[in-house]
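Student: Provided below for reference: sequence and predicted model.
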Amino acid sequence: MKSDKKRWEEKYKKGQILKYASQFLVSHYRAASGRRACDIACGNGRNAKFLASRGFSVDAIDISPKALSLIEGYEKINRIEADLDFFDLKEEEYDLVVNINFLNRSLFEKFEKAMKPGGVLIFESFVHSEKNEANMNPNYLLKPKELLYSFSNFDIIEYKEKMVPNIYGNMVKKAYMAAIRP
């Protein structure tokens, strides 16, 4: 079995990357009252770059050195190579935590601790659905409404689940949540 690092390195060497910031992030980043952000599993840094261009200081964390090399030279982006299974986020460090197209349930509690009171969590990931056309590992799929239950103590700005095309044109179900840590 391939390690996570090796699998992601291969993906980025093939160029299988998204280029533009998540539209859900673009719609909700302004809810953050400060300018300190963390982009979890940042990949090629598309969301970190967007936030840096809007004045945020961003910790961009990813396991792939190849992915992180794609965001070299951005003054407001601190690149951190780390396996998120073993990485601890600093407590009450961030005004905004962004988690797009990545799922590691063991991080949920870490997200809350890493956010300042009043901090914003923007989360977008895939959801298990019988209608999913893509062959996806069920371990990396949210259950329907799982985010709402997992962050039930947060104040929800917006939550939705809907079918959308993925980068390969297959229809997949995704959950979108913007929420404020009380």
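Tutor: Nice, thanks for sending it over.
Student: hey, let's count contacts and neighbours off CA atoms from now on
Tutor: Will do.
Student: can you give me the offset of stretch 167-180 from its chain's centre?
Tutor: Distance, stretch centre to chain centre, for stretch 167-180: 11 Å (CA atoms, centre = their mean, to the nearest Å).
Student: I'd like to know the average pLDDT value across that stretch.
Tutor: Stretch 167-180 carries an average pLDDT of 92.
Student: residues of that stretch that come out buried?
Tutor: Buried positions in stretch 167-180, judged by neighbour count with 16 or more other CA atoms under 10 Å: 171-180.
Student: go on, stretch 81-94?
Tutor: Under 16+ other CA under 10 Å, the buried positions of stretch 81-94 are 81-82, 84, 89, 93-94.
Student: what does that stretch rub up against?
Tutor: 5, 36-38, 41, 61-65, 68, 104, 106-107, 110-111, 113-117, 119 (CA atoms under 8 Å, 6 or more residues apart in numbering).
Student: Pull out the CA atoms of it and give them to me as CSV.
Tutor: Coordinates of each C-alpha in stretch 81-94 appear next as CSV, following Å, rounded to 0.1, in the frame of the first residue of the first chain:
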residue,chain,number,x,y,z
GLU,A,81,5.1,20.1,5.2
ALA,A,82,3.4,17.8,7.6
ASP,A,83,1.4,14.6,7.9
LEU,A,84,-1.8,15.9,9.5
ASP,A,85,-2.3,12.6,11.3
PHE,A,86,0.6,13.6,13.5
PHE,A,87,0.6,17.4,13.4
ASP,A,88,-0.7,19.6,16.2
LEU,A,89,-2.2,23.0,15.4
LYS,A,90,-1.5,25.8,17.8
GLU,A,91,-4.3,26.7,20.1
GLU,A,92,-6.4,29.8,19.5
GLU,A,93,-4.1,30.8,16.6
TYR,A,94,-6.5,31.3,13.7
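Student: name the helices or strands packed onto the longest strand along the chain?
Tutor: The longest strand of the chain (DSSP state E) is strand 115-127. Helices and strands touching strand 115-127, by 3 or more CA pairs under 8 Å, 6 or more residues apart in numbering; DSSP states H and E, are helix 23-28, strand 94-100, strand 171-180.
Student: Residues contacting it, please?
Tutor: For strand 115-127, the surrounding residues in contact (CA under 8 Å, 6+ apart) are 24-25, 28-29, 31-33, 91-103, 111, 140-144, 161, 172-182.
Student: now the angle between strand 94-100 and that strand, please.
Tutor: 10 degrees (axes from the mean of the first three to the mean of the last three CA atoms, to 10 degrees).
Student: now strand 115-127, how far from the centre of its chain.
Tutor: Centre-to-centre, strand 115-127 and its host chain are 8 Å apart (CA atoms, centre = their mean).
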